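A.B. asks: Turn this into a structure:
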Amino acid sequence: MTAHQPQLPEAGTDPRRGEARTGAAAPAQLFFLRIVRLMATGGIDDARAATLLLGRFGRAYRRPLILTRALVLELARTSHRKITLASPCCHRITSDEVVILRAIGRGDGQFRQRHEDACRLLDRDNALGAATCFQAVGECFADLGLRLD
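C.D. replies: Here you go, the predicted model:
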């Protein structure tokens, strides 16, 4: 494990406990989590989230904004349990956020594992929509030079 990746829960760990972890998350991952946290607490139209993306990506901010909004809406719509997020200014990450980062950071050939992460996070048997959103957001941020893995 490299220093820029969060500490992922071990194989037998249940992400539903919502514990805060002191993982060594990369600045890019903390930036992304702050956007998600702002949208989760202030609504998907949160101006602070849009402003952060505008400041980071300039005129190319709309694509990551729309895809992150879609991800937050998909998670909220399809989850069968409460997803625990830390406050937007917190540098610690919850075990649910670890699963989100792991799903987003998976490579192109790991869609099955991404889908399993989404199912585990949402407590569902099928979470193809969320897995697809994770993939789209990860690729979008990577295209703009901000890798989330």
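A.B. asks: Where does pLDDT dip in this protein?
C.D. replies: Residue ranges of the chain with pLDDT under 70: 1-24.
A.B. asks: let's see it at 90
C.D. replies: Filtered on pLDDT under 90, the chain yields the residue ranges 1-25, 91, 107-108, 149.
A.B. asks: can you give me the helices in it?
C.D. replies: 27-42, 47-57, 62-78, 95-105, 111-122, 128-143 (DSSP state H).
A.B. asks: Which of the ones you listed sits closest to residue 85?
C.D. replies: With C-beta to C-beta as the criterion, residue 85 lies closest to helix 27-42 of the helices of the chain, at 5.2 Å. All C-beta atoms are positioned from the backbone trio N, CA, C, and that covers glycine.
A.B. asks: where does the residue of the chain positioned farthest from its centre sit relative to residue 34, distance-wise?
C.D. replies: Residue distances from the centre of the chain (C-alpha atoms, centre = their mean) peak at residue 59, which lies 22.4 Å from the mean C-alpha position. Using C-beta to C-beta, to the nearest Å, residue 59 is found at 21 Å from residue 34.
A.B. asks: for residue 72, same thing?
C.D. replies: 13 Å.
A.B. asks: Looking at those two now, which is surrounded by more residues?
C.D. replies: residue 72 (23 against 19; other C-beta atoms under 10 Å).
A.B. asks: For that one, which non-adjacent residue is spatially closest?
C.D. replies: residue 39 (4.7 Å; C-beta to C-beta, 6 or more residues apart in numbering).
A.B. asks: Surely the one you found is in contact with residue 46?
C.D. replies: Yes - counting by C-beta atoms under 8 Å, residue 39 does reach residue 46; the two are 5.4 Å apart.
A.B. asks: Check the protein and tell me which residue is nearest its centre.
C.D. replies: Closest-to-mean residue, the chain, C-alpha atoms, centre = their mean: residue 100 / 4.1 Å.
A.B. asks: Noted, bye for now.
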